[in-house]
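1. quick one: sequence plus predicted model below, questions after.
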Amino acid sequence: MDLTALAGRLNADPVLVIGSLSLLAAAFAGGMIALVVLAVLRARRRRAEAAAAAQAAEEAAAARLAELQRLQAETAGQVRAMGQMLHAQHAELQRAVHARLDSVTERLGQSMQSTTKQTTDNLQKLNERLAVIDSAQKNITDLASQVTSLTSVLANKQQRGAFGQGRMEVIIQDGLPKTCYAFQYTLSNRSRPDCAIFLPDQRPLVIDAKFPLEAVTAYREAANDEQRAAAARLLRQHVGTHVADIAKKYLIAGETQELALMFVPSESVYAELHDSFDDIVQKAYRAKVVIVSPSLLMLAIQVIQQIQRDARMREAADKIHKEVGLLMDDMRRLNERVLKLQQHFGQANEDMQQILVSAEKVRKRGARIHDVEFEEDDAPLLTAPFPARRLEAGE
C-alpha cells in the first residue's frame, strides 16, 4: 500500500488511525516478544553450548586426569623398577668394589712382601759390596803405602839398582834351571856383571840391569822446551855411559858372547827410550849392547831355553841312536814271536776244523740212530737220551 495514501486515509478516519496504531503497537509488541524469545533461545543455546563445552572440558580434564594417573602409575612402576635395578647395581658394585679391594689388598700385601724381600736382599748385597769396598779400600791403602814405599825405594839410586837386579833375577830363575846361569859371575878381567847365562858353547851371555829413572822422570816432567832439551841430553849421557860401560867391561873376545843385554826393569822407561831416543838404541846396537825390557827379557829367556834344549838333544844323539837300535831289535823279536803265535793259531784252527768235521759225523750218526735208520740189521738199537747238538768252534 502506498504510505502517502495510507497517511491520507488515516488523516481522514480517526478510528482507522487508532486501529492502525493498535495494530502497530501489537506488531511492535509481537516483534519485541519475538526478539525476547529469540534472545532467550539464543541464551539457552549459548548456555547449552557452554554446558556442552564445560562437559567436554570436564570430560577432557577427566581423561587427562586419568591419563595423568596412568602415567603416574607407570612412572611409579618405572621408579620402583629403577630403584630395584639401582639397588641391585649398587649391591653388585659394592660386591665388585669389595672384591677389587680384596684383590688390591692381596696384591699390595704380596708386593710389599716381595719389595721387603728384595729390599732385604739388596741391603744384604749392598752390605756385601760395602764389605768388598772396605776390603778394596784397605787394599788400596796398603797399595798406596807400598807405592809410597816403592817411591822412596826408587828415589835412592842404590836401592833402585837393587830393585832392577831383583826383578831380573826373578825372571831368569823362573825361566832357566840353576845350572844354566850365575849371578854376580866373575869374568877374567875381574868385572862382575849382574848375571851370566851359559850357552851351549860355554860362553856366557852377560846381562846387566840399569834403571835411568831420574833422567826419564826429568824428561817427562819438563815444563818447557829448554828443560826438555836439557833432560834429553842428561838421559842420552846416562844411557850412553851405561852402554859404554857394559861394552867395555863385559864383552871379552873369546870368553863371552858377542852381544850383551842391558836390562831396563820398566816397560814405560823402555818405551820412552824407543819412542823418543831411537839414536841411543841404535848406538847401543852398534856397540853390541841390546836394551831389553822385562817382556823382551822373558822372550830371550824362552829362546835361550829352546837353544839349550836343542843342544842337549844334539849331545844325546849317540844315546838316542843306541836306544833306537835297541828298540829296533825289540821290534824284530816281537815280529818273530808274533809270526810264531800266528803259526800256532793256524795249527789250532786246522785242528778245530778237524774236530768240527768229526762232530758233524757224530751228529749225523746220532740223527740216524734217533730216526731208527740203520745200514746194518745187526746194529744195536740205541735211543739218544738227549737231542744231538752241533759242536761250535771253541767248545
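-> Yep, it's here.
2. from now on I want contacts and neighbour counts done on CA atoms only, so please keep to that.
-> Noted.
3. any idea how far Ala287 is from Asp245?
-> Noted for Ala287: a distance of 10 Å to Asp245, by C-alpha to C-alpha, to the nearest Å.
4. do Gln124 as well
-> 62 Å.
5. follow-up on the earlier one: more neighbours: which of Ala287 and Asp245?
-> Ala287 (18 against 12; other C-alpha atoms under 10 Å).
6. residues touching the more buried one, list them.
-> Neighbouring residues of Ala287 by C-alpha atoms under 8 Å, 6 or more residues apart in numbering: Val243, Ala244, Ala247.
7. hang on, Arg192 in a strand?
-> No - read with DSSP: H, G, I helix; E, B strand; the rest coil, Arg192 is coil and lies in no strand.
8. mind starting the numbering at 294 from now?
-> Sure, I'll start counting at 294 from here, so that last one is Arg485.
9. ok, then the element right after the worst-scoring helix or strand of the chain on mean pLDDT?
-> Least confident helix or strand of the chain, by mean pLDDT, DSSP states H and E, is helix 296-305 with a mean of 54. As assigned by DSSP states H and E, the chain's next helix or strand after helix 296-305 is helix 307-448.
10. which other helices and strands contact that following helix?
-> Contacts defined by 3 or more C-alpha pairs under 8 Å, 6 or more residues apart in numbering; DSSP states H and E place helix 307-448 against helix 296-305, helix 450-468.
11. let's see it at 10 Å
-> helix 296-305, helix 450-468, helix 506-513 (3 or more C-alpha pairs under 10 Å, 6 or more residues apart in numbering; DSSP states H and E).
12. what angle do that helix and helix 450-468 make?
-> 90 degrees (axes from the mean of the first three to the mean of the last three C-alpha atoms, to 10 degrees).
13. picking up where we left off before, now, among the contacts of Ala580, which is nearest to Arg422?
-> Val536 (51.4 Å; C-alpha to C-alpha).
14. excluding covalently adjacent residues, which one is nearest to the closest one?
-> Counting by C-alpha to C-alpha, 6 or more residues apart in numbering, Ala577 is the residue found nearest to Val536 once chain neighbours are left out, at 6.1 Å.
15. hmm, back to that, most surrounded residue in the contacts of Ala580?
-> Busiest of the contacts of Ala580 [other C-alpha under 10 Å] is Val536, holding 26 neighbours.
16. who's in contact with that residue?
-> Each residue near Val536 by C-alpha atoms under 10 Å, 6 or more residues apart in numbering is listed here: 501, 503, 530, 553-555, 573-574, 576-578, 580-584.
17. now do the strands in the stretch 544-688 of the chain.
-> 553-556, 582-585 (DSSP state E, counting those that start in this stretch).
18. for the last one, C-alpha coordinates in CSV please.
-> Extracted as CSV, the C-alpha positions of strand 582-585 are listed here (Å, rounded to 0.1, in the frame of the first residue of the first chain):
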residue,chain,number,x,y,z
VAL,A,582,174.5,-54.0,23.5
VAL,A,583,170.8,-54.8,23.3
ILE,A,584,168.4,-52.9,25.5
VAL,A,585,165.6,-55.1,26.8
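19. so what strands line up beside it?
-> strand 553-556 (parallel) (DSSP bridges).
20. please enumerate residues in contact with the strand it pairs with?
-> Against strand 553-556 from outside (C-alpha under 10 Å, 6+ apart): 457-458, 460-461, 487-489, 497-504, 532, 535-536, 539-540, 543-544, 563, 577-578, 580-587, 589-590, 593.
21. quick one, which of the residues you listed are buried?
-> Among those, the ones that count as buried by 16 or more other C-alpha atoms under 10 Å are 457-458, 460-461, 487-489, 497-504, 532, 535-536, 539-540, 543-544, 563, 577, 580-587, 590, 593.
22. these in helices, which ones?
-> If you go by DSSP state H, the buried ones among the contacts of strand 553-556 have 457-458, 460-461, 532, 535-536, 539-540, 543, 563, 577, 587, 590, 593 in helices.
23. which of those lies closest to Gly618?
-> Out of those, the member with the shortest distance to Gly618 (by C-alpha to C-alpha) is Ala593, at 36.6 Å.
24. quick one: pLDDT of the closest one?
-> At Ala593, the model reports a pLDDT of 85.
25. what sits against it?
-> Ala593 makes contacts with Ile465, Gly468, Leu554, Val585, Pro587, Gln599, as judged by C-alpha under 10 Å, 6+ apart.
26. what's the closest of those residues to Pro493?
-> Gln599 (11.1 Å).
27. distance of that closest one from Asp487?
-> Distance from Gln599 to Asp487, counting by C-alpha to C-alpha: 23 Å.
28. could you do Phe456 as well?
-> From Phe456 to Asp487 the distance is 12 Å (C-alpha to C-alpha).
29. Ala455 now?
-> Counting by C-alpha to C-alpha - Ala455 and Asp487 are separated by 10 Å.
30. next one: Ile545 from Ala359, what distance?
-> Taking C-alpha to C-alpha as the measure, Ile545 falls 144 Å from Ala359.
31. neighbour count winner among these two?
-> Ile545 (16 against 12).
32. is it true that that one touches Leu480?
-> Yes - here Ile545 reaches Leu480: they are 8.7 Å apart, a contact under C-alpha atoms under 10 Å.
33. got the domain ranges for the protein?
-> 400-448, 451-608 (automatic domain parsing).
34. low pLDDT regions in the stretch 444-593 of the chain?
-> Residue ranges of the stretch 444-593 of the chain with pLDDT under 70: 444-454.
35. between the domains of the chain, which one is nearest to Met375?
-> In terms of C-alpha to C-alpha, the element of these nearest to Met375 is domain 400-448, at 35.8 Å.
36. related to what we said a few turns ago, what's the overlap in contacts for Phe456 and Asp487?
-> Common neighbours of Phe456 and Asp487 (criterion: C-alpha under 10 Å, 6+ apart): Glu462, Ala502, Lys503.
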